[in-house]
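[1] Sequence and predicted structure, then a few things I'm wondering about:
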Amino acid sequence: MTFSRVNAHSLRRLDMLSQVVFALLLGSCVAQNNTTATTNVTMTPTVMTTRMPTEIPNPVYEKGTFTLNDTDNKPCIVATMAAMLTVTYKKTDNATADTDIILPQDMVAISGNCGQYNNGKYSSNLTLTWDNGYFSLSMIFEEDSPPTTPTTQPTTAGPTTNETEMPTNTSMRHLMSVQETEDGKQYVSQMSFTYNTASEFFENAEEGVFTATTDSDGKYFEGDQGTKYKCNSQQEVPFADQSGVKANFKDVLFEPFYDESENKEEFECDQDKEQEDNNKTKYIIIGVCVGGGVALALVVVTICCCVKKKRDGYKSV
């Protein structure tokens, strides 16, 4: 009888311990699901005051697709993007202020050049103008790989130059057998933004027309040649420091040398790849935590069942 009482007492202690462990586990799960905890506190009347928001909502980007056609009315540049340009300008009282200019998705005049060979590179230009001509954004696209010798030669005599202007028909470029190498790149080599402070976006500004540019030998939105550049992440393109202009782009898909007969692969930017890797890491951590919690719960339940069976066995004795 003493042996049975001792073991029954031990089992009761073990059962209580397992219940405590299970209760702690259950409590932690409930704490994770609840966003706030409630406690009994003494409420005292307070005077309600109106508070201004601490953060100003970010301007809403507008993603648009802009297509430049050649002389045969075929697309030669297709650019999808959402862009915001922040301008620091001088006011009439000599103070400075900032204003955000959003590239609209429609009501945009599109112009440019479908392509020409310049200093051994094939380049094209896209210019977007909006708000009754108050704003204009230009991009120069270039490819690294030089073309072969053109099949058409200048017929006029005179000094030769490094620039040979070609027909704007995109198919002519392919007839000239552009030599694309594995390490060839395509990119925006220069960008410029022209703005007129007479626009309503500039409050009490000193009126004038200003143009801000990036470096002339930059490589922005760089991808493999023969692909279409894609980047959903936000990117900042640095303009000259003294220009007072900052440009941010996102949801970008550039085909600067578009050919409807080609199905080009997408070149994913490094920022998007890094974001995908971070998301995968988060999912793995969440999976491990959930799996560990489930495994611990199963262990606790198994211990409780085993203890209960042994206790019932001793009681029958």
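    Yep, that arrived.
[2] Report the contact partners of the residue lying closest to Ser243 once chain neighbours are set aside.
    Residue nearest to Ser243 in three dimensions, not counting chain neighbours: Ala212, with 3.5 Å by Cβ to Cβ, 6 or more residues apart in numbering. Every residue, glycine included, has its C-beta placed from N, CA and C. Shown here is Ala212, whose contacts under the criterion Cβ atoms under 8 Å, 6 or more residues apart in numbering are 192-194, 239-240, 243-245.
[3] Out of the residues you listed, the closest to Lys219 would be?
    Sorting those by distance to Lys219 puts Phe239 at the head of the list, at 15.1 Å, by Cβ to Cβ.
[4] And the closest one, what's its pLDDT?
    Looking at Phe239, its pLDDT is 96.
[5] what's it in contact with, if anything?
    Phe239 neighbours (Cβ under 8 Å, 6+ apart): 191, 193, 212-214, 245-247.
[6] Show me these that map onto strands.
    Using DSSP state E to define strands, the subset of the contacts of Phe239 located there is 191, 193, 212-213, 245-247.
[7] Can I get these in TSV including pLDDT and distance to Ile77?
    Below are the ones in strands among the contacts of Phe239 laid out as TSV (pLDDT from 0 to 100; distance: Cβ to Cβ, whole Å):
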residue	pLDDT	distance to Ile77
Met191	97	14
Phe193	98	18
Ala212	97	22
Thr213	96	20
Val245	96	23
Lys246	95	24
Ala247	96	19
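[8] Between all of the residues you listed, which two are separated the most?
    Based on Cβ to Cβ, the longest span within those runs between Thr213 and Lys246 and measures 13.4 Å.
[9] So what sits opposite Val78 in the bridge?
    Counting by DSSP bridges, Val78 is bridged to Thr67, Glu255.
[10] possible to save the contacts of Ala212 as JSON lines with distance to Tyr61?
    Written out in JSON lines, the entries for those read as follows (distance: Cβ to Cβ, whole Å):
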{"residue": "Ser192", "distance to Tyr61": "20"}
{"residue": "Phe193", "distance to Tyr61": "16"}
{"residue": "Thr194", "distance to Tyr61": "21"}
{"residue": "Phe239", "distance to Tyr61": "18"}
{"residue": "Ala240", "distance to Tyr61": "24"}
{"residue": "Ser243", "distance to Tyr61": "21"}
{"residue": "Gly244", "distance to Tyr61": "21"}
{"residue": "Val245", "distance to Tyr61": "17"}
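[11] doesn't Pro145 fall inside a helix?
    That one is not Pro; residue 145 is Ser. No - counting by DSSP: H, G, I helix; E, B strand; the rest coil, Ser145 is not found in a helix; it is coil.
[12] Low-confidence ranges, the stretch 201-317 of the chain, go.
    Applying pLDDT under 70 to the stretch 201-317 of the chain flags residues 276-295, 306-317.
[13] Specify which member of the ones in strands among the contacts of Phe239 is nearest to Ile102.
    Lowest distance from Ile102 to these (Cβ to Cβ) belongs to Ala247, with 11.6 Å.
[14] what separates the nearest residue to that closest one once chain neighbours are set aside from Gly244, distance-wise?
    Across the structure, with Cβ to Cβ, 6+ apart as the measure, the residue nearest Ala247 apart from its sequence neighbours is Val237 (4.5 Å). Note on Val237: its distance to Gly244, by Cβ to Cβ, to the nearest Å, is 14 Å.
[15] Perfect, I'm done here.
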